[in-house]
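Trainee: Sequence first, then the predicted structure, then my questions.
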Amino acid sequence: MVTMRDIADRYGVSVATVSKALNDQKDIGRKTKEEIQKIAKEMGYAPNAAAKELKTNRTHNIGVLFVDEGHNGLTHNYFAHVLDSFKNKAEKSGYSIAFINSCKESKGRLSYLNQCRSRGFDGVVIACVDYQDEEVIELLRSEIPVVTIDYVFNDTINVISDNNTGMKELVQYIISKGHKKIAYIHGEGSSPVTRSRLLSFKKTCEDNGVSVPREYVCEATFRDVAKAYKQTEELLQLENPPSCIIYPDDFAAFGGINAINDNGLRIPEDISVAGYDGVELGQCYKPQLTTIIQDTEKIGGEAAARLIEQIEKPETSLIEVVVVRGKVFEGGSVGTYI
């Protein structure tokens, strides 16, 4: 095993100088630092993790609690991108990430909190879970630093997408194209994301003098193409069908588009559609899907930065809600309605 002494002997400096260079301290020349770091890499030097842990009282490991009730796992486009951004930011800061076992049928499985303690996680990021789950609440109220994504929990740093503004700007864009008959197939009613978007949808319509009949608002599970197809057919069969349909996410919108096509209608000539999230696939369609592109890179990066700050600077880390805005992608699926 290569030691700092070996590097010091090779470069002809003290062990203290090598230590300063490898720990990126400022009281050492940039050229010297870079040369020592280069030599260390060439010699295959790896810091002693156990010694580092004893010195800092940290393992530099972060847990990820991700429970996707829709069983999409990491194929879930939105959260996959968010967690990838989180991972990249954490690794650049010297941390490794590992998933927490969320399968409660696993033999000998520990609770979320006990898993974190036994594996020595310095902190945890939580996304897409049931926040009423007793194990989740226990973890949130523990001594372990936590950041939640897309959920606001007291005394915890939260990083959320600005669903209120996103839906408001999407609806305003649709209204600006002349639409007064706007339907909304929303996600699960119990979801905080759904509640936020639904309230924003209704308020924006009201503020713009657009009435929303009860039958224009219905529910389909996020990413449920089949249910979105069924709900779209029911909307099309109404005596006074909508001129535009908003879907809970882009994948659900694909189901709606299939229903519209199967009914012999054209988009956007006969009816307009809009999604939410901004998945790349929606931009491959003709016409391109009008949607809200969420800034998944910033959401994941902010979550990692805030969690690491909480781990390393607990006395000055602010407990706050970090709101990240998305933007309207106009695409071509919302036409002008006269």
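Mentor: Received the coordinates, thanks.

Trainee: On the three-state scheme, Asn114 is what?
Mentor: helix (DSSP: H, G, I helix; E, B strand; the rest coil).

Trainee: can you check Ala303 too?
Mentor: helix.

Trainee: Can you pull the phi/psi pair for Ile246?
Mentor: Main-chain dihedrals, Ile246, degrees, to the nearest 10: phi -100, psi 140.

Trainee: In this structure it contacts Tyr276, no?
Mentor: Yes: between Ile246 and Tyr276 a contact is recorded at 7.4 Å, counting by C-beta atoms under 8 Å. From N, CA and C alone the C-beta is placed, and that goes for glycine too.

Trainee: any shared contact partners between the two?
Mentor: Leu170 (C-beta atoms under 8 Å, 6 or more residues apart in numbering).

Trainee: Helix or strand with the lowest mean pLDDT in this structure?
Mentor: Sorting the helices and strands of the chain by mean pLDDT, DSSP states H and E puts helix 49-56 at the bottom, at a mean of 52.

Trainee: List the buried residues of stretch 206-215.
Mentor: Val210, Val212 (16 or more other C-beta atoms under 10 Å).

Trainee: doesn't Cys333 fall inside a strand?
Mentor: Actually, residue 333 is Ser. It isn't Cys. No: counting by three-state DSSP, Ser333 falls outside a strand, being coil.

Trainee: That one touches Pro287, doesn't it?
Mentor: Yes: under the criterion of C-beta under 8 Å, Ser333 makes contact with Pro287 at 5.0 Å.

Trainee: and the two? which has more neighbours close in?
Mentor: A direct count of neighbours by other C-beta atoms under 10 Å for Ser333 and Pro287 places Ser333 higher, at 24 against 17.

Trainee: okay, which residue is most central for this protein?
Mentor: Val82 (3.7 Å; C-alpha atoms, centre = their mean).

Trainee: and it, helix, strand or coil?
Mentor: Per three-state DSSP, Val82 ends up helix.

Trainee: Which residue, other than its chain neighbours, is closest to it?
Mentor: Gly300 (4.3 Å; C-beta to C-beta, 6 or more residues apart in numbering).

Trainee: So that neighbour: helix, strand or coil?
Mentor: Per three-state DSSP, Gly300 ends up helix.

Trainee: what's around Leu65, how many residues?
Mentor: 22.

Trainee: list the buried ones in the one helix or strand it maps to?
Mentor: Element membership for Leu65 (DSSP states H and E) is strand 61-66. For strand 61-66, a neighbour-count test (16+ other C-beta under 10 Å) marks Asn61, Ile62, Gly63, Val64, Leu65, Phe66 as buried.
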